[in-house]
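Undergrad: this one's sequence-less:
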Ligand code: HPA
Ligand SMILES: [Zn+2]
């Protein structure tokens, strides 16, 4: 296939996305719009010229020094989200883009503490995000769910309170979209072992578990997430490649890594996509999915990540089939939905070969 045909194939390939922060879809245009609507004061452009206009803020987002440099922009941006309609509009932006990129199943992260600490009720956040998910299911035939993330730079007591509040307000009930907990924000120096308490409680509630580990943190962060938090997946996990024993274990236990190639370049975890251990993970049988992380900040939605990986690694159609299958296998969905998605992948490949 030529580059153009490969691009069309990658767009058509049915995708599952497991590593997307809904707040990471908050573009400068949405930021200025909601700041005005909700009368939220943005930083004074005289002191922070990047907040002069949509254009200057877009330029600021072109380059980050580190994960923390990005997070500082990210947390400031979220402060404009106030009511359920704001959260719904933000999530709808994600689902529209994801659908256009060939996503059939999405498990999206959200950061409740970034909102509850500003006085926004957890129910408002979940209500808005769930409404957009229901619309994506109805209009696009997507399956969607939500992953409630704890902010690791806040004390574990705050994570415990968030979990309790979610449990007592029915956020984890059978008919809710929230099916899992995750752990995000500044990775070093906040290792997973600090969060054993809420993860134990989540497991007791029958909630799935994942955590960001091995993005900037060394492989011991991945080891802790697996052994101490009982995580079923690892978000990022690219530094797994530094520990051969752990890599063998992850492969044999079929722990899915939710890789975010463009994010790793934007946040300077690697210089370029070709430096990611994708070939090594494929050869070692480490299952992974490819994801967008924070699309507004890291060079676009999921298809850009698929295409960037193809440019760097020139994968075969059979390798793409195995990536698509691994991402279905690692999704938290019913067997029936899994079979449907496997079939869609096979149909797509038959059509394009
Ligand atoms: O890539 C990330 N890492 C940690 N926290 C985050 N919150 C949004 N994106 C990220
Ligand atoms: Zn992330």
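TA: Nice, I can see it. This structure is a prediction, so every number in the text was calculated from the model and none was measured. Numbering: from 1, shown residues only. Ligands and ions are numbered 1, 2, ... in the order given.
Undergrad: and the stretch 1-150 of the chain, which residues reach ligand 1?
TA: 21, 24, 67, 74 (CB under 6 Å from any ligand atom). C-beta coordinates here come from the backbone N, C-alpha and C atoms, glycine included.
Undergrad: Report the lowest-confidence entry in the residues you listed.
TA: The member of these with the lowest pLDDT is residue 67, at 94.
Undergrad: where's it relative to residue 342, distance?
TA: 35 Å (CB to CB, to the nearest Å).
Undergrad: Quickly find the element holding residue 89.
TA: helix 84-100 (DSSP states H and E).
Undergrad: From the contact counts, what lies against that helix?
TA: With contacts taken as 3 or more CB pairs under 8 Å, 6 or more residues apart in numbering; DSSP states H and E, helix 84-100 sits against helix 28-37, strand 103-110, helix 122-140.
Undergrad: Pop out the phi and psi values for the residue in the chain that ligand 1 sits nearest to.
TA: Nearest to ligand 1 in the chain, going by CB to the nearest ligand atom, is residue 184, at a distance of 3.5 Å. For residue 184, the backbone dihedrals are phi -140, psi -170 (criterion: degrees, to the nearest 10).
Undergrad: Repeat that for the one 4 residues further on.
TA: Its backbone dihedrals place residue 188 at phi -100, psi 130, with angles given as degrees, to the nearest 10.
Undergrad: And it, how close does it get to residue 196?
TA: Distance from residue 188 to residue 196, counting by CB to CB: 18 Å.
Undergrad: The closest residue to residue 322 other than its chain neighbours and residue 330, how far apart?
TA: Excluding the flanking residues, the one nearest residue 322 by CB to CB, 6 or more residues apart in numbering is residue 282, at 7.5 Å. Residue 282 is 15 Å from residue 330, where distance means CB to CB.
Undergrad: And these two? Which one has more around it.
TA: Comparing residue 282 with residue 330 by other CB atoms under 10 Å, the one with more neighbours is residue 330, at 22 against 17.
Undergrad: Report the contact partners of that one.
TA: Listed by CB atoms under 8 Å, 6 or more residues apart in numbering, the contact partners of residue 330 are 16, 18, 233, 254, 256, 258, 287, 289.
Undergrad: Also residue 179?
TA: By CB under 8 Å, 6+ apart, the contact set of residue 179 is 107, 145-147, 207-208, 332.
Undergrad: if we can go back for a sec, of the residues of the stretch 1-150 of the chain next to ligand 1, which belong to helices?
TA: Under the assignment DSSP state H, these contribute 67, 74 to helices.
Undergrad: Any quick PyMOL command for the buried ones out of the residues of the stretch 1-150 of the chain next to ligand 1?
TA: Only the buried entries of these go into this PyMOL selection, using 16 or more other CB atoms under 10 Å:
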select buried, resi 21+24+67+74
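Undergrad: ok, so of the residues of the stretch 1-150 of the chain next to ligand 1, who is nearest residue 249?
TA: Closest approach to residue 249 among these (CB to CB): residue 67, at 25.7 Å.
Undergrad: Please identify the buried residues of the strand or helix carrying the residue nearest to residue 322?
TA: Assessed by DSSP H and E, residue 282 sits inside helix 278-284. Residues of helix 278-284 classed as buried by neighbour count (16+ other CB under 10 Å): 278, 281-282.
Undergrad: Would you list the strands that the following helix or strand past it pairs with, along with their directions?
TA: Under the assignment DSSP H and E, the closest C-terminal helix or strand after helix 278-284 is strand 288-290. Next to strand 288-290 in the sheet, as set by DSSP bridges, lie strand 256-259 (parallel).
Undergrad: now what about the strand it pairs with, what contacts it?
TA: Contacts with strand 256-259, where a contact means CB under 8 Å, 6+ apart, come from 18-19, 210, 232-238, 240, 250, 276, 278, 281, 286-291, 326-327, 329-330.
Undergrad: With stretch 236-249 instead?
TA: 19, 212-215, 217-219, 221-223, 226, 234, 250, 257-260, 263-264, 269-270, 276-277, 280-281, 284, 286, 288.
Undergrad: Now do the SS call for the residue of the chain most remote from its centre.
TA: Ranked by distance from the centre of the chain (CA atoms, centre = their mean), the top residue is residue 46, with 34.0 Å. Following DSSP: H, G, I helix; E, B strand; the rest coil, we place residue 46 in the coil state.
Undergrad: got a pLDDT number for it?
TA: pLDDT, residue 46: 97.
Undergrad: Which residues of the stretch 201-350 of the chain lie near ligand 1?
TA: 212, 215, 263, 293-294.
Undergrad: let's see it at 5 Å
TA: With CB under 5 Å from any ligand atom as the criterion, the stretch 201-350 of the chain comes near ligand 1 at residues 212, 294.
Undergrad: Can you tell me which of the helices and strands packed on helix 84-100 is most buried?
TA: Counting by mean count of other CB atoms under 10 Å, strand 103-110 has the highest mean neighbour count of the helices and strands packed on helix 84-100, with a mean of 25.
Undergrad: List of residues touching it?
TA: Contacts for strand 103-110 (CB under 8 Å, 6+ apart): 14-23, 91, 94-95, 98, 125, 129, 133, 136, 141-149, 179-180, 182, 184, 302, 328, 331-333, 337, 341, 344.
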